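>>> Quick one, fold the following:
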Amino acid sequence: MPSTSNLQERLSSNGSSFQELTPPTLGTSAIAPGLSVPTYNSSSTAPSVSASTPPSSAVKGYDFNSDGKSDILWRNYATGQNVVWQMNGTTFTNGLFLTSNNDLNWKLEGTGDFTGDGKNDDLLWRNYATGQNVVWEMNGTTFANGIFLTSNNDLNWQISGTGDFNGDRKSDIVWRNYATGQNVVWEMNGTTFANGIFLTSNNDLNWQISGTGDFNGDGKSDLVWRNYATGQNAVWEMNGTTFANSLLLTSNNDLNWEIGLNDAVLEKAPNTVAYARDITVSSSITTYKDSVGSSDRNDYYKFTFGTKSDFNLAVNGLGANADVQLLNSSGAVIYSSVNSDTAAEGINTNLNADTYYIRVYSATNANTSYNLSVTTVFTAPSFSSVSAIDASGDNTNNTVFQNGAINFSYNLTNPAFLSNVRLLVTSNGNVVSTLGTWTGDSLSNQLINLANFSSLTGGDYQLLAVARTTNDQDIFSSSQAMKVLGWNQTNGTFAADTLNYSAGLGTGAVITGRGGTDTVDLFNVSRANVTSINGISLSAFNPLYGSTNNQAIFGGTAFDYLTLADGRELYFQGIENLKFSDGSRLELQVRTNDTYFGEQWNLHVSDVDSAWRFTQGSKNVLLVSLDTGILTQAGGSGGITDISTSRLITDPSDDDNYNDHGHGHLSTSIMSSTANNNSGIAGINWNSNVYINDVYNGVSLQQGIKDAISYARANNQRVVFQGGIQGEGWLNYGGTQAELEQLIKNNSDIAFFAVAAGNGGPGGNLDDPDYLTSVSGVAKLETTHSNVVSVGALLPAKDNGGYYDYSPNYVNNLKNPQGVALAPYSNRGSNLTLVAATNSPAMNKLGQMEIFGGTSSANPNMAGIASLVWSVNSNLDGGQVRQILVDTAMDLGTTGRDNTYGYGLVNADAAVRRSWALASNYNLANLYSSVSWLV
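This next block holds a predicted model:
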């Protein structure tokens, strides 16, 4: 059978759509010029009815006389004659010659409704000498017109059938390439090509598509395959043009047998009373699937009662407004159901012995499939399962934070007469809120955002599902308890804060540290009062190993969660220590053994040591230094210290000889110094490789960017640039500014640029008269490119009117600032994106720790943090990484964005948590807008 393993592998590697591939070459459609139409010979004799001697080997099934019953179409490939056998079930009733087509290069490939007249009587032809494709528009068995479709001159492509794959009730064409194994659907708008979509390939060319049909009753065309080497037969169940499932049919090992099948548009019920489809109404529920719409407004069904009987009808599964009528034997309407929109329709009554008709019709000309169910015995649906649980992922399924979210699932038995399902919230027997309404007979993990229901404040509630039938009966599920926790939020600052938690905060609490080495003082909570932290015991908690396997996703981000024995819950992030009632502490952050780790205020103020719990960097991310390089020139002093050379990719021209001060080494040290080696400092990213470009005395800026991007694309990596560059000249170094901008734009899917804002003010090394109103050089491109961040320099000091107090605050031997201020030299203005720490400990090329200053120090801090954000979620593009950094920044100065600090101080823990939440549960994390994120 066609391989499903290869199929699924291809889906996972390319996504669910194959529209990015190139369909067969398409020409332009034109009216068929003088298609030869031989004279119809009314005296010709229809072929005799003989199962053993059919008139030819080509057989297609369709309904030519609109009686709701399939007929058989024959083509004689010796004479060019075409014949219809009109059938009554399996009984031959009449044989009619159609127009002949004596050019035997033309092959009859299928039937369908290409004209929109609601009849599946048009014939599809392909010429396997010229590649031309033609539709014969038919009026029953009478040829009306010939229209050329788009040609396909690659004769390896063969038409395999017709069907409706996009639900527009118009015939589409299925192709298979018998050289490559590719499969394609041409979506057609009548006889006009609309779109070409590649289906999953099947490279075993022994498998041939034999036709289409609806084999699982979902109202959608499926594909039938036959293997002409083994005799195997298979069905690909399709969801539109997406593969859903593969099933083997019974084999037929006699390879002389071919499958003759044509689904055309999925139309089963005729359009007039005269040809109404005969159905039987009994005590069992019978369901008919069909569709109505703009080209087929009406479907008619006919049934007869021999005695007086109850009658129950339901129409559901609607995608647009459709209504239903019950007609008597004279065609007069006796009952109607005309609910609005996609609401189910129902008729329940008692009927005398007589013949009746059912009319299902489109109320608005919109296309919709439907399920028509009929029976003499009404059977109400019942719930076989119902589940409504907290969606956050913490370990309390029946407890949810106010404004949180729940996952709702249900399954119904006997759903034929289902109108809808509602989820009710009750308190003391009264309905507090209806959380939603659904029409399907099952639902799986439907996310419901409780923030949309202001009445759901803290308290105890009952949830129950209610199934309403088409005759307005309500069927109730059993109820389940749900506790909603009201909560209060406590926020820290950039400093090392102690944040107090007490029962007065309520049954729920949210605490965000927002920077610095922060402690939550639990006061009266002892270790024995704690049920779990992140679903594990306190004793099992290890910051570096498994501590983030379970997180609570709430408000668009991820939180650690503490569950107390009395039912209280605490969500927190950016917290480095928990202090219990006995004074003992649980350290949550990652601590390294590097000599100067305690002095690295840049890590502590931005919560990098908390972000390390989620990631220490990934090989899927490439760091790039656009700076002075890292290698020491021949005859120079020093070397590479505290940085693993196995992680470095160096430019052949790199010699870090610009002013001989190791500027590039210092920048690279902040980003990627080796951690936990009992010496030096801890770099922000421990694992990602670093591509070094000496753009000061080596390659040009644009060439350096191109080289790094080429390397990243070849290795399927995301790339984070740190640009230790300032001044206007860089905009045109190695090309024009327009070329630089195009380079940045073209690679926004994998590239992020952190660029120094510039040291243009007092005490800086760039004389920039505009330093108070604008960043410099390449950093200005943050305004027009979403994957560029301009980075200002933040000092660990209080600004006392121009006097800077650098007095630190040590917490657990970790250096924290008592105040922060924008460095006086740092460029700022409306195009400053964010600020990051400067005056950061870094290792120089002589093996010495050096306090590295300027925006050149802030910039690698930003790049290192961005690389952690990408390390936990490679599905992001460069613009999304920047947006996360902006949305999760610690606000400084004037509330909101300002021209001194931009959007604020970058926070690694908050940004990584947001990125992690999006990777772990995208839909849940995106229930909330950025303004509601709790960071």
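>>> quick one: terminal-to-terminal distance for stretch 229-244?
For stretch 229-244, the first-to-last residue distance is 25 Å (Cα to Cα, to the nearest Å).
>>> for stretch 375-382, same thing?
End to end - Cα to Cα - stretch 375-382 spans 17 Å.
>>> Tell me the buried residues in it?
By neighbour count with 16 or more other Cβ atoms under 10 Å, stretch 375-382 contains the buried residues 375, 376, 378, 379, 380, 381. Every C-beta, even on glycine, is put in place using the N, C-alpha and C of the backbone.
>>> For the closest residue to residue 132 other than its chain neighbours, grab phi and psi.
The shortest distance from residue 132 to any non-neighbouring residue, by Cβ to Cβ, 6 or more residues apart in numbering, is to residue 151 (5.3 Å). Residue 151 adopts backbone torsions of phi -80, psi 160, taken as degrees, to the nearest 10.
>>> oh, and call the first residue 58 from now on, that's how I've got it
With 58 as the first residue, the last one maps to residue 208.
>>> correct me, but residue 208 touches residue 191?
No - using Cβ atoms under 8 Å, residue 208 is not in contact with residue 191, being 9.8 Å away.
>>> and the longest helix along the chain, how far out from the chain's middle?
If you go by DSSP state H, the chain has its longest helix at helix 912-928. Distance of helix 912-928 from the chain centroid (Cα atoms, centre = their mean, to the nearest Å) equals 28 Å.
>>> Packing partners of the next helix or strand after it?
Downstream of helix 912-928, the first helix or strand assigned by DSSP states H and E is helix 935-944. Packing partners of helix 935-944 (3 or more Cβ pairs under 8 Å, 6 or more residues apart in numbering; DSSP states H and E): strand 808-813, strand 845-852, helix 912-928, helix 965-977.
>>> And stretch 857-868, end to end?
OK, stretch 857-868 end separation, Cα to Cα: 23 Å.
>>> ok, and for the longest helix of the chain, which residues are buried?
Applying 16+ other Cβ under 10 Å to helix 912-928 flags 912-928 as buried.
>>> now do stretch 599-615
For stretch 599-615, the neighbour count (16+ other Cβ under 10 Å) marks 600, 604, 605, 607, 608, 609, 610, 611, 612, 613, 614, 615 as buried.
>>> Next one: residue 397, what pLDDT does it get?
pLDDT, residue 397: 93.
>>> and the spatially closest residue to residue 974 that is not a sequence neighbour, what is it in contact with?
Of all residues not flanking residue 974 in the chain, residue 982 sits nearest, at 4.0 Å (Cβ to Cβ, 6+ apart). Contacts were defined as Cβ atoms under 8 Å, 6 or more residues apart in numbering; by that measure residue 982 touches 610, 613, 614, 971, 974, 975.
>>> Format the buried residues of stretch 432-439 as TSV; extra columns: pLDDT and secondary structure.
Listed next are those as TSV, based on pLDDT from 0 to 100; DSSP: H, G, I helix; E, B strand; the rest coil:
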residue	pLDDT	secondary structure
432	96	strand
433	95	coil
435	92	coil
436	91	coil
437	93	coil
438	95	coil
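>>> Now the two most distant members of these.
433 and 438 (17.6 Å; Cβ to Cβ).
>>> All the helices of this protein, residue numbers only.
Under DSSP H, the chain gives helices at 61-71, 658-662, 665-668, 720-729, 758-771, 794-803, 912-928, 935-944, 965-977, 979-982.
>>> how far away is residue 848 from residue 719?
Going from residue 848 to residue 719 by Cβ to Cβ, to the nearest Å gives 20 Å.
>>> And the lowest mean pLDDT element among the helices and strands of the protein?
helix 61-71 (a mean of 24; mean pLDDT, DSSP states H and E).
>>> Any chance of CSV for the helices and strands packed on helix 935-944, columns mean pLDDT?
Formatted as CSV, these follow (pLDDT from 0 to 100):
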stretch, mean pLDDT
strand 808-813, 98
strand 845-852, 98
helix 912-928, 98
helix 965-977, 97
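>>> Switch these over to CSV; also include distance to residue 588.
CSV is the format used below for those (distance: least, Cβ to Cβ, whole Å):
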stretch, distance to residue 588
strand 808-813, 40
strand 845-852, 40
helix 912-928, 31
helix 965-977, 23
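>>> So for residue 448, which of these sits nearest?
Residue 448 lies closest, by Cβ to Cβ, to one member of these: helix 965-977, at 11.8 Å.
>>> Check which helices and strands that closest one sits against.
Counting by 3+ Cβ pairs under 8 Å, 6+ apart, helix 965-977 packs on strand 614-621, strand 626-630, helix 665-668, helix 912-928, helix 935-944, helix 979-982.
>>> what's the burial count for residue 307?
For residue 307, the neighbour count with other Cβ atoms under 10 Å is 7.
>>> what about the helices and strands packed on helix 935-944, which gets the closest to residue 566?
helix 965-977 (17.3 Å).
>>> mind listing what residue 610 touches?
Residue 610 neighbours (Cβ under 8 Å, 6+ apart): 448, 449, 450, 616, 974, 977, 978, 981, 982.
>>> how close does the third one sit to residue 594?
Using Cβ to Cβ, one gets 18 Å for the distance from residue 450 to residue 594.
>>> Residue 374 and residue 429 touch, don't they?
No - using Cβ under 8 Å, residue 374 is not in contact with residue 429, being 9.3 Å away.
>>> Identify the contacts common to those two.
Shared contacts of residue 374 and residue 429, defined by Cβ under 8 Å, 6+ apart, are found at residue 346.
>>> So residue 848 and residue 719 - more neighbours on which side?
Comparing residue 848 with residue 719 by other Cβ under 10 Å, the one with more neighbours is residue 848, at 34 against 30.
>>> partners of that one in the sheet?
residue 813, residue 891 (DSSP bridges).
>>> can you tell which of the helices and strands packed on helix 965-977 is closest to residue 162?
Nearest of the helices and strands packed on helix 965-977 (Cβ to Cβ): helix 979-982, 52.2 Å.
>>> got the buried residues for the closest one?
Per 16+ other Cβ under 10 Å, helix 979-982 contains these buried residues: 981, 982.
>>> for stretch 968-977, same thing?
Buried residues in stretch 968-977 (16+ other Cβ under 10 Å): 968, 969, 970, 971, 972, 973, 974, 975, 977.
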